[in-house]
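J.: sequence first, predicted model second:
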Amino acid sequence: MPSVYIKTYGCQMNERDSEAVAAQLVAKGYTLAKSEAMADVVLLNTCSVRDMAEQKALNKMKSMVGVAKKERPNQIFGFMGCMAQSRGQELIDKLPDVDLVVGTQKFHRTADYLDEIFAGRRDKIVDIAAEEKSEATIREHLLNGNATKSVTAFVSIMQGCNQYCTFCIVPYTRGEERSRGIADIVAECRELVSRGVKEITLLGQIVTSYGRRDIPVRDGKSAFVQLLEAVHEIAGLERIRFTSPHPKGYGDDLVVAYGRLPKLVESAHLPVQSGSDRLLKLMHRGYTRERYLGIIEKLRKAQPRIGITTDIIVGFPGETETDFEETLSLAREVEFDNAYIFKYSPRKDTPAAALDGQLPQAVKEERNEALLNLINEIGARHYEKFVGCRTEILVEGPSKKNPARMMGRTRCNKIVVFDGAERHGGQLMDVRIERVGAFTLYGEPAIVNLG
Ligand code: SF4
């Protein structure tokens, strides 16, 4: 059987989609190649959120097909995911050596399409059509014995987004919100736990909107909180996370859930995007600065040790110095544990791309740096507080930077590196934090691990 190499750009949803495609191909007998040079099939799972991500994937494909023409004429190339969805046939028109373009509702068809290409039944395939129930097709996992993969897993609970933030291309590439059923998701989680998984992250573009059209509110609990409760019931599961939520979806039912569901870890990612009400309105975010700060206050009341991270865009069209100052002041007020900062990148056909007041790159760079410095300074203060404390981590495996050491994650989502051994992989254990680095804690096992 042929070998396949999948390169993934972008977010955790893309990582998860790639994993499911890889698992589907492995189930058919494919092997996973370690590099594109060793693969019979190379698939790029693309991201459209920023122009740079699209250009990277296009350049990668150009260089690979160039080499293949000379050295591996039978190699098969495909694009999957968001850029495949938004550009479709255009990708093959521009790069005629590409064989396959698979949109965001068609990942599960990849294996069959490759069969058809290998069998010579079809030459080029482009499929970016919508498909009913495609939200329930991302379910296979590659739990291949690697500690990192087997102890934590991501489960896709929904696809698409109806929020239509004016800067965001996701509603156009991923389509309308479509949610899987609770029983179906729980069955997948149970299966993962039976295979050794201890922490599950529920995934979607806007998970707090999960099931809101199909599953009625029950006892004041939204569909998403009902799902959290159902997953929480699974014996053997230790931790639950979710991403990405929307601040609008942090109703009191979800805030209270942090206090009453012990497996729901003390970690919340609340993408704020801006501290200025004027910009929040232009972005179509659906909340004000005051409402956002109110949610943070309630979360900290429900769970005082909660780690809070966010996403922020700098250089949105028309962002004035005053708007930017409001973002800085919000970051100071909330004291985020960390923030992912993005320089606004106009996306074709989104409303913000047509707004007046597009800012020069130099201004975006300057604001990015100023905000990054502030976030780093606040983050460093937060991390310092851990020194000398004992904290529980779930050990995921060897540290990526130094495989001689082990790496785990606290409940509030901080990475801890420590001198451990293979036997610690997959264990919940206590460590004492000795020192801090840049957004990393360094610790020592606090007790003999009793497993
Ligand atoms: S909620 Fe998130 S995914 Fe949906 S449009 Fe806004 S930024 Fe994009």
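T.: Cool, got the structure.
J.: and the closest residue to the ligand within the stretch 201-350 of the chain, how many neighbours?
T.: Closest to the ligand within the stretch 201-350 of the chain is Gln205: 4.2 Å, counting by Cβ to the nearest ligand atom. Heads up, the C-betas are built off the backbone N, CA and C, glycines and all. Gln205 has 23 neighbours, counted by other Cβ atoms under 10 Å.
J.: quick one: contacts for the residue nearest to it when sequence neighbours are not counted?
T.: Spatially, and ignoring its direct neighbours in sequence, Gln205 is nearest to Cys161 (4.3 Å; Cβ to Cβ, 6 or more residues apart in numbering). Cys161 is in contact with Cys168, Val170, Pro171, Arg174, Glu177, Gln205, Ile206, Ser209, counting by Cβ atoms under 8 Å, 6 or more residues apart in numbering.
J.: and the residue of the stretch 201-350 of the chain closest to the ligand, what pLDDT?
T.: Gln205 carries a pLDDT value of 96.
J.: list the contacts of it.
T.: By Cβ under 8 Å, 6+ apart, the contact set of Gln205 is Met13, Met158, Gln159, Gly160, Cys161, Val170, Arg174, Glu177, Ser244.
J.: quick one on the thing from earlier: please give the element, helix or strand, for the residue nearest to Gln205.
T.: Assessed by DSSP states H and E, Cys161 sits outside every helix and strand.
J.: got phi/psi on it?
T.: phi -160, psi 140 (degrees, to the nearest 10).
J.: so how far is Thr391 from it?
T.: Using Cβ to Cβ, to the nearest Å, one obtains 34 Å as the distance from Cys161 to Thr391.
J.: then Leu114?
T.: Distance, Leu114 to Thr391, using Cβ to Cβ: 46 Å.
J.: between the two, which one's more packed in?
T.: Set Leu114 next to Thr391 and count neighbours by other Cβ under 10 Å: Leu114 wins out with 24 against 19.
J.: now do the helices in this protein.
T.: 12-27, 51-71, 81-87, 89-94, 110-118, 147-151, 170-174, 182-194, 223-232, 252-260, 277-282, 289-302, 321-334, 361-384 (DSSP state H).
J.: just the angle between the first one and helix 51-71, please?
T.: So the one you mean is helix 12-27. Between helix 12-27 and helix 51-71, the angle comes out at 30 degrees (axes from the mean of the first three to the mean of the last three Cα atoms, to 10 degrees).
J.: how far does helix 12-27 sit from the chain's center?
T.: Its chain's C-alpha centre and that of helix 12-27 lie 14 Å apart, by Cα atoms, centre = their mean, to the nearest Å.
J.: ok, back up a step: tell me the pLDDT at the residue nearest to Gln205?
T.: 96.
J.: one more: Lys7?
T.: Reported pLDDT for Lys7: 97.
J.: I'd say it and Lys56 touch.
T.: No: at 9.9 Å, Lys7 does not count as touching Lys56 under the criterion of Cβ atoms under 8 Å.
J.: got a list of what the closest residue in space to Lys62 that isn't next to it in sequence touches?
T.: Of all residues not flanking Lys62 in the chain, Leu95 sits nearest, at 6.6 Å (Cβ to Cβ, 6+ apart). By Cβ under 8 Å, 6+ apart, Leu95 lies in contact with Leu58, Met61, Lys62, Val65, Phe77.
J.: now Val417
T.: Val417 sits next to Ser399, Lys401, Asn402, Arg405, Met406, Met407, Thr440, Leu441, Tyr442, Gly443 when contact means Cβ under 8 Å, 6+ apart.
J.: burial count for the residue in the stretch 1-150 of the chain that the ligand sits nearest to?
T.: Closest approach of the stretch 1-150 of the chain to the ligand (Cβ to the nearest ligand atom) occurs at Val49, with a separation of 8.3 Å. For Val49, the neighbour count with other Cβ under 10 Å is 21.
J.: and it, how far from His284?
T.: Per Cβ to Cβ, Val49 is found 16 Å from His284.
J.: again, but for Gln24
T.: To His284, Gln24 is 36 Å away according to Cβ to Cβ.
J.: ok, these two, which is more surrounded?
T.: Between Gln24 and His284, counted using other Cβ under 10 Å, Gln24 has the larger neighbour count: 21 against 14.
J.: the more buried one contacts Ala111, doesn't it?
T.: Yes: counting by Cβ under 8 Å, Gln24 touches Ala111, with 5.0 Å between them.
J.: mind listing what Ser3 touches?
T.: Taking Cβ under 8 Å, 6+ apart as the criterion, Ser3 is in contact with Tyr30, Thr31, Leu32, Ala33, Met38, Ala39, Asp40, Val41.
J.: and the residue nearest to Ser399 when sequence neighbours are not counted, what is it in contact with?
T.: Nearest residue to Ser399 in three dimensions, chain neighbours excluded: Met407, at 4.1 Å (Cβ to Cβ, 6+ apart). The neighbours of Met407, taking Cβ under 8 Å, 6+ apart as the test, are Val395, Glu396, Gly397, Pro398, Ser399, Lys400, Ile415, Val416, Val417, Phe418.
J.: quick one, what contacts Val197?
T.: Neighbouring residues of Val197 by Cβ under 8 Å, 6+ apart: Leu143, Ser150, Val151, Thr152, Ala153, Leu237.
J.: rerun that using 7 Å as the cut-off
T.: Residues counted as contacts of Val197 (Cβ atoms under 7 Å, 6 or more residues apart in numbering) are Ser150, Val151, Thr152, Ala153.
J.: how about Ile138?
T.: Arg16, Asp17, Ala20, Phe107, Ser156.
J.: who wins on neighbours among these?
T.: Using other Cβ under 10 Å as the neighbour criterion, Asp17 leads these with 27 neighbours.
J.: so that one touches Phe107, yeah?
T.: Yes: shown here, Asp17 and Phe107 form a contact pair, counting by Cβ atoms under 7 Å, at 5.1 Å.
J.: no more questions from me, cheers.
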